[in-house]
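Chemist: Sequence and predicted structure below; questions after.
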Amino acid sequence: MFLAYSIYLFLLVILYVATAHNNKLLMRTNHNFGSIEESSLLWKWPLFLGFLILVLVVGFRYNVGVDYIGYYNDYYNIGYAHHWEAKMARYEFGFEFIIRTLRYFNFRVWALFTLTAIIIWYFFIQSFKVFPFLLKWGFFFAFTTGFFFASMNGMRQTMALVIYMYAIKYIEEKSILRYTLLCVLALSFHTSIILLYPFYFFINKVSFTHYRYLIFYVLSFALGNNLDIKEIVVFGVGLFPKYEHYTDRFLEDFQNPVSGGLGNIYIFIVGFIIILFSRDILKKIPRMKIHYNLFFIGSILFNFFWRYDILGRITYLFIWFKIFCLAALAFYFGKSKSSWLIYLLIVTQFIMFIYKIYKGENLSSPFQF
């Protein structure tokens, strides 16, 4: 357990410090953050160094993450890349191509986990390119909200999600071709990302910042415990044959729902704070509108689905956009009249981070190489 605390705290500190120093170098060369995206100079040496340390630690881990052993066994059982008759039906073509290619060149399994870490964290960083000043807080909340631990478990869906996070800039730029190409790339790692594709056509045209949506958020939390959604979900799964093997898990989840606790209440409170400050966030950063809208949709879905672990596959596509919203809160409101609330949020998030390590969320601890 000591190694887990040491590794995760080290990564959090080194990434925060490296990104903060990276921002100083950016300001020194660009004089203002507004010109950084156009100059494509986000990646200075501190960010490269932090990124390298992160992907090496994640890539060379052993048996860390719920799905680690499943990926490990599939990697060594598939055989070499020229054995195409050995089908990997449960994997999408992009991920299967990576495995077969690495196996063809006789790489050990660490290459798979390192490459997936490179994809995940490269696109995560790139998704902050439109507001690079938030990246240090983006890393802080990526760790303290549990996104980092989740990324070592659901690797394929996380790869798809971060690619989509980057694709959002093309919704703003109204470039459907580039958006579609990135969505196809994301789809090659996890089919679920197709659920997000239609948002291109309307997500930037709606707003969920009015106080009535705060009331709706509270009501959805209250109603979430009293709705039977079993038949709807089972029907939905039947529309995607690749995931029909989840049906038994759905039914098992419905028979044994998760009980709520302080952690669930805390997640509700964090969402409440984000929605409460949403108008102010978007006044400061208008380009965060899509990220916030997706978070709001995810928060409503989470309020209805949180009791069922298996439905996390759906909410997973939305809830992590809170990282962007929390980063904006920390950056802009840390010195405002509401600074006490922001500092309380930061401290409680860090405490939750320590607790997640302690309880081994997503089998993130104990850590070993």
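Modeler: Here it is on my side, so go on. Residues are numbered from 1 along each chain as shown.
Chemist: I'd like to know the phi and psi angles of the spatially closest residue to Phe93 that is not a sequence neighbour, please.
Modeler: In space, and not counting its chain neighbours, Phe93 is closest to Ser188: 5.4 Å by CB to CB, 6 or more residues apart in numbering. All C-beta spots, glycine's among them, are computed from the backbone N, C-alpha and C. Dihedral pair for Ser188: phi -70, psi -10, per degrees, to the nearest 10.
Chemist: any idea how far Phe95 is from Ser188?
Modeler: Distance of Ser188 to Phe95, given as CB to CB, to the nearest Å: 7 Å.
Chemist: and if you look at Phe113?
Modeler: 12 Å.
Chemist: tell me the average confidence for stretch 264-279?
Modeler: For stretch 264-279, mean pLDDT is 88.
Chemist: List the contacts of it.
Modeler: 208-209, 213-214, 217-218, 221, 281, 292, 295-296, 299, 302-303, 306, 322, 325-326, 329, 333, 338, 341, 345, 348, 352 (CB atoms under 8 Å, 6 or more residues apart in numbering).
Chemist: any idea how far it is from the chain center?
Modeler: 18 Å (CA atoms, centre = their mean, to the nearest Å).
Chemist: can you check stretch 341-360 too?
Modeler: Distance, centroid of stretch 341-360 to centroid of chain: 17 Å (CA atoms, centre = their mean).
Chemist: ditto for stretch 286-299
Modeler: Counting by CA atoms, centre = their mean, stretch 286-299 comes out at 14 Å from the chain centroid.
Chemist: Kindly report the same for stretch 165-183.
Modeler: Using CA atoms, centre = their mean, the offset of stretch 165-183 from its chain centre is 18 Å.
Chemist: all numbers from here: first residue = 21
Modeler: I'll keep to 21 as the first residue from here, and by that count the last item is stretch 185-203.
Chemist: what's in contact with that stretch?
Modeler: 143-144, 146-147, 149-150, 183-184, 206, 213-214, 216-217, 219-220, 223-224, 307, 310-311, 341.
Chemist: And for stretch 152-161?
Modeler: Contacts of stretch 152-161 (CB under 8 Å, 6+ apart): 32, 35-36, 39-40, 42-43, 46, 53, 56-57, 62, 67, 144-145, 148, 167, 305, 342-344, 346-348, 350-351, 366, 369.
Chemist: low-scoring pLDDT stretches of the stretch 171-320 of the chain, where are they?
Modeler: 245-281 (pLDDT under 70).
Chemist: Tell me where it has helices.
Modeler: With DSSP state H, counting those that start in this stretch as the criterion, the stretch 171-320 of the chain has helices at 175-192, 196-207, 231-243, 250-258, 267-275, 282-296, 298-304, 309-325.
Chemist: Any chance of JSON lines for these, columns mean neighbour count and distance to Asp94?
Modeler: Formatted as JSON lines, the helices of the stretch 171-320 of the chain follow (neighbours: other CB atoms under 10 Å; distance: least, CB to CB, whole Å):
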{"stretch": "helix 175-192", "mean neighbour count": "23", "distance to Asp94": "11"}
{"stretch": "helix 196-207", "mean neighbour count": "17", "distance to Asp94": "20"}
{"stretch": "helix 231-243", "mean neighbour count": "14", "distance to Asp94": "38"}
{"stretch": "helix 250-258", "mean neighbour count": "13", "distance to Asp94": "22"}
{"stretch": "helix 267-275", "mean neighbour count": "14", "distance to Asp94": "18"}
{"stretch": "helix 282-296", "mean neighbour count": "17", "distance to Asp94": "31"}
{"stretch": "helix 298-304", "mean neighbour count": "18", "distance to Asp94": "41"}
{"stretch": "helix 309-325", "mean neighbour count": "23", "distance to Asp94": "28"}
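Chemist: May I see these organised as TSV, with distance to Tyr82 added?
Modeler: Formatted as TSV, the helices of the stretch 171-320 of the chain follow (distance: least, CB to CB, whole Å):
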stretch	distance to Tyr82
helix 175-192	15
helix 196-207	28
helix 231-243	39
helix 250-258	33
helix 267-275	26
helix 282-296	28
helix 298-304	40
helix 309-325	32
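Chemist: Which of these sits closest to Phe387?
Modeler: helix 175-192 (16.6 Å; CB to CB).
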